[in-house]
Structures are given as structure tokens and as C-alpha cells.
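1. sequence-free structure coming up:
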């Protein structure tokens, strides 16, 4: 059974056979990437959270937005500010700051954090006038990252691990033992992925992992994640869609191999170390 989802979203192909194979990481046929919008809704409107309202495809706070004060399209006059969903003269109430005519609390505003125009990005939020990340993450280069495992920010922002290293516990360590693609990695694909799913006969998701084909199908080949991260990014296991599929952290779809049980930790470690060491075709 094959299902193609609505236009405007990335095209996902669901293939269900007797083996139960399915994988939307790399669908068959042309890959469709949705145009950027405020929230990804099919009608072009924004999908808003936190009490915000969609006005013209943008998420706004009707209680303070100068151009949409109390209702979409209700703009205040030049000598007024928007506060409490009303256009008022005389400036902003105590504890708020006028940013473009909108009365905001710069201690908590995600779009005016600490000062007007300072927008929190990368999943961070505004607390006490500073953009911060939750869950033990750290804001580095505009993204919330786990510095205990991120190879580009290992142990701290900007501390990148070198070639042949991975980040573990906030320290850069060697990838592991000598791993060969032909000797160690391809046999994993052959035993767990090829039969019924990613073989040469109509491979699931148009991804063939047979001997002689798998390497060229994976390394530096873009996935269908919104950031088009490679299926295998040499030197970066955590940034490789293939590895993410094996450990269950992929941008979409289910953990692989499907319906056959997770790969043993030792085999996943071989794939990780192969990618970490540069994903050589050896």
C-alpha cells in the first residue's frame, strides 16, 4: 500500500509489505520540500502556541501587538501603544517596554528578550531577560545543543572535536577501533536490512543497501529531513540520518530495522564508529 500525503508537505511514501518495511527517510521519486512559513499549516496560516494568534500567517500577541491590537488588523495610531488588547495613549504601563508600539515584558518576551528586537532562537526561551535552553541544553550558534554529545560544541560552545573523534560526556574521544565498511558495516545491512526491505527488487524508500550499492546510496546523500541532513555525514554520527534511524532519534518515521527488533548495541557502535572515523569505503 502506498500513500502520498498532501501537497505543501514533504512527500512521504509508506510502503507496507509482508515484512512490514517502512521508512520515510528517503522516499521514492522526487523529494518535495515545503516552503518556509511561520508554522507549517496547509493553508499558509501560522500554527501558534503559547496563547498567540495567527494574523496574516504570523503568530502575534493580540494583547500587545501594535498592528493587531485586540484583533487581527486593528492597528493603533502612531501616538498610541498596544497594552492589554487596547490602544492607549500616554506610554506603556510600569514593568513593560515599548518595542515598536507594543508594550512587552522584556524579562519574558521571546521576541524582545532583554531588549527590543532580541529574538530567542533555536528552541530557546526568554527567562529573566536572557535567551536560555531547557533540559540541560546550551545555546550555541543559535541552537540549543547537548554539549555532552555534540561534536561541534563538545563540553562548551565552539569546542569542536577533530577528525576521528566523537563527543562523549563533554570530552572529545577517539571514535573506537578500526572499522571497515566492507568487513564490518555491510554485513549488518545484508543480514538485517536487505531481505524484503532494502534489497535490489523495489527497495523500500528507494534505498538499496546491497553490497556494492549501499555506500553510494548513503554517504553525503541528502535525507528528507527539513534540514536535508545527509543519510551519512562523514565524521558526524549524530548528524547522520542513518545513525539516527538506528538509535530512534530520526526527524521522522520509526526506528530501524522495522519489525525485526533493534540492532544489538555492538552493531550500532560499529556503524557509529565507521561514520565517526570518516565513513571510508574500505
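-> Sure thing, it's come through. As the structure is a computational prediction, the values presented were derived from the model and not from experiment. Residues are numbered from 1 along each chain as shown.
2. Verify the contact between residue 233 and residue 240 for me.
-> Yes. Using Cβ atoms under 8 Å, residue 233 makes contact with residue 240 at a distance of 4.7 Å. In this view, the C-beta of every residue, glycine as well, is placed from N, C-alpha and C.
3. so what sits against both of these two?
-> residue 275 (Cβ atoms under 8 Å, 6 or more residues apart in numbering).
4. give me the number of residues near the nearest residue to residue 67 once chain neighbours are set aside?
-> Leaving aside its chain neighbours, residue 67 sits nearest to residue 75 (4.8 Å; criterion: Cβ to Cβ, 6 or more residues apart in numbering). Residue 75: 14 surrounding residues under other Cβ atoms under 10 Å.
5. which phi and psi does residue 75 have?
-> phi -90, psi 140 (degrees, to the nearest 10).
6. Now for it: which residues touch it?
-> Contacts of residue 75 by Cβ under 8 Å, 6+ apart are 66, 67, 68, 69.
7. how is this structure carved up into domains?
-> 1-36+179-282, 47-132, 143-174 (automatic domain parsing).
8. In TSV, list the ones you listed along with mean pLDDT.
-> Converted to TSV, those look like this (pLDDT from 0 to 100):
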stretch	mean pLDDT
domain 1-36+179-282	78
domain 47-132	90
domain 143-174	90
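9. just checking, what packs against the longest helix seen in the chain?
-> In the chain, assigned by DSSP state H, the helix with the most residues is helix 265-276. Applying 3 or more Cβ pairs under 8 Å, 6 or more residues apart in numbering; DSSP states H and E, we find helix 265-276 packed against strand 165-168, helix 186-189, helix 241-247.
10. Centre of the chain to that helix, how far?
-> 22 Å (Cα atoms, centre = their mean, to the nearest Å).
11. In it, which residues are buried?
-> 267, 268, 269, 270, 271, 272, 273, 274, 275, 276 (16 or more other Cβ atoms under 10 Å).
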